[in-house]
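please work out how this folds:
(one chain, ligands or ions: 2)
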Amino acid sequence: MKVYFSTDTIPAFQKAVVTIGTFDGVHTGHKSILAQLKQEAARIGGETVIITFHPHPRKVIVSGQPGIQLINTIDEKIELLHKNGIDHLVVVPFTDEFASQSPEAYIEQFLVEKFHPHTVIIGYDHRFGKNRQGDYKLLEDYSARLGFNLMEIPAHVINDNTVSSTRIREAVLMGNTDAANTLLGYDFFFEGTVVDGNKLGRTLGYPTANLRIENEEKLIPGNGIYAVEVEVRNKKNEISTRLKGMMSIGIRPTIGGTDRVIEVNIFDFNADIYGTTLRVYVKKYLRPEVKFNGLEALVEQLAKDKEDTLKVLGE
Ligand SMILES: Cc1cc2nc3c(=O)[nH]c(=O)nc-3n(C[C@H](O)[C@H](O)[C@H](O)COP(=O)(O)O)c2cc1C
Ligand SMILES: Nc1ncnc2c1ncn2[C@@H]1O[C@H](COP(=O)(O)OP(=O)(O)O)[C@@H](O)[C@H]1O
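Ligands and ions are numbered 1, 2, ... in the order given. The predicted structure follows:
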């Protein structure tokens with residue numbers, strides 16, 4: 001899959017079969033859109049093209065939700081779409097200027113002039129142009145006039161996808177990992193940089209890599225204790241195999257903490273990994289965070305969490 005970050009750098013596509021969307025999560029529901037795209041491209045001997053926007057349109061449009069958390073960062077989305085066998089991904093910078101063009105300019109100067117689509121595959125609810133005034137009907141009028149095919153994504157697919165994205169976000173936040181991972185079709189993951197903590201973990205026998213999340217838009221699971229798998233990504237961008245571990249997200253009431261921290265104890269592992277990036281695959285929610293009566297009780301529980309994690313992940 002070739003990725004372009006500007007419409008200025010895209011080549012002349014051969015019979016482009018284009019879809020437009022945010023694809024947050026690249027979840028199982030999105031796959032049916034991608035299947036439709038690939039099927040149509042194969043039928044006419046064309047290339048598959050996805051147009052997506054970054055930052056997320058809801059971040060840019062003032063009346064939107066500036067605090068919205070996304071299932072995927074743009075890099076993750078690229079990685080996931082890559083695995084789905086798409087030919088071209090165009091990440092269009094979603095600026096105020098882009099958002100304020102008229103629906104007619106969007107079709108003529110953006111969609112048609114830049115992409116020369118053979119076919120556009122879109123949902124009935126797709127909106128575009130200033131104040132989201134452009135709709136399917138307008139695209140239909142233009143398609144006849146400007147000579148591209150328009151295909152509708154079945155309404156039930158569009159509706160199911162909206163429901164899925166919302167349910168995935170809720171499930172991740174509620175610690176409902178089974179539901180989230182089933183809807184996603186892969187294990188929910190996030191990345192963080194290993195930073196200094198209180199240096200208490202090692203004295204308890206459970207050193208924990210404390211994670212700082214660099215992307216503030218990224219959705220992070222709700223507080224609780226989880227079975228996880230992690231990849232250590234060093235500064236040379238070498239990636240370890242998936243290691244087993246257990247994660248705590250919370251304020252650590254036992255030691256009188258107040259700030260929310262994300263920390264991972266990796267099993268059968270002993271290395272200084274400060275400054276590296278960990279990718280954490282969230283496998284299973286184990287229990288809520290508890291205020292223990294002292295460190296001894298906490299350590300006892302940590303031993304039990306480790307047992308439970310190994311049961312979940314398979315020893
Ligand atoms: C798997 C796991 C479960 C934990 N559960 C709790 C908990 O229920 N309550 C709590 O107060 N702290 C909990 N902690 C956090 C510990 O208090 C923390 O690891 C310890 O304070 C070490 O912190 P440090 O890495 O900053 O040195 C847990 C940590 C891990 C790794
Ligand atoms: N098995 C392990 N799991 C997690 N971190 C480990 C492990 N072994 C060594 N480390 C290192 O030790 C650090 C965690 O030790 P800890 O005493 O909890 O310190 P801190 O409070 O700074 O996190 C990690 O950041 C990592 O560099």
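
going forward, measure contacts and count neighbours with C-alpha atoms only.
Will do.

just name the shakiest helix or strand of this structure by mean pLDDT.
Within the chain, judged by mean pLDDT, DSSP states H and E, the helix or strand with the poorest mean is helix 57-60; its value is a mean of 73.

all helices for the protein, in order.
28-44, 57-60, 74-82, 96-99, 103-105, 113-115, 136-146, 155-174, 177-184, 201-204, 295-313 (DSSP state H).

those: lowest mean pLDDT?
In terms of average pLDDT, helix 57-60 trails the rest of the helices of the chain, at a mean of 73.

give me the distance from that helix to the chain's centre.
16 Å (CA atoms, centre = their mean, to the nearest Å).

which among the helices of the chain is found nearest to D125?
helix 136-146 (7.0 Å; CA to CA).

does anything pack onto that closest one? Which helices or strands?
strand 149-153 (3 or more CA pairs under 8 Å, 6 or more residues apart in numbering; DSSP states H and E).

need the CA coordinates for the strand it packs on. PDB is fine.
C-alpha atoms of strand 149-153 as PDB (Å, rounded to 0.1, in the frame of the first residue of the first chain):
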ATOM      1  CA  ASN A 149     -19.700   5.800 -11.200                       C
ATOM      2  CA  LEU A 150     -21.300   6.100  -7.800                       C
ATOM      3  CA  MET A 151     -22.000   3.000  -5.600                       C
ATOM      4  CA  GLU A 152     -23.700   3.100  -2.300                       C
ATOM      5  CA  ILE A 153     -22.400   1.100   0.700                       C
END
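
just the angle for it relative to helix 136-146, thanks.
160 degrees (axes from the mean of the first three to the mean of the last three CA atoms, to 10 degrees).

just confirm L204 contacts V299, I think it does.
Yes. Judged on CA atoms under 8 Å, L204 makes contact with V299 at a distance of 6.6 Å.

coming back round to it: tabulate the helices of the chain (TSV), appending distance to I220 and mean neighbour count.
Converted to TSV, those look like this (distance: least, CA to CA, whole Å; neighbours: other CA atoms under 10 Å):
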stretch	distance to I220	mean neighbour count
helix 28-44	20	17
helix 57-60	18	16
helix 74-82	14	16
helix 96-99	28	14
helix 103-105	35	19
helix 113-115	36	17
helix 136-146	35	15
helix 155-174	7	17
helix 177-184	12	20
helix 201-204	22	12
helix 295-313	20	15
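
do you know which of those lies nearest ligand 2?
Shortest distance between ligand 2 and these, using CA to the nearest ligand atom, is found for helix 201-204: 3.5 Å.

now that closest one - C-alpha only, CSV.
Extracted C-alpha coordinates of helix 201-204, given in CSV (Å, rounded to 0.1, in the frame of the first residue of the first chain):
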residue,chain,number,x,y,z
GLY,A,201,8.2,-1.7,42.1
ARG,A,202,11.6,-3.4,42.1
THR,A,203,11.6,-3.5,45.9
LEU,A,204,8.3,-5.3,45.8
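
that one packs against which elements?
Packed next to helix 201-204, using 3+ CA pairs under 8 Å, 6+ apart, is no helix or strand.

10 Å - rerun?
strand 261-266, helix 295-313 (3 or more CA pairs under 10 Å, 6 or more residues apart in numbering; DSSP states H and E).

could you dump those into a markdown table with distance to ligand 1 added?
Output for these, formatted as a markdown table (distance: least, CA to the nearest ligand atom, whole Å):
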| stretch | distance to ligand 1 |
| --- | --- |
| strand 261-266 | 5 |
| helix 295-313 | 6 |
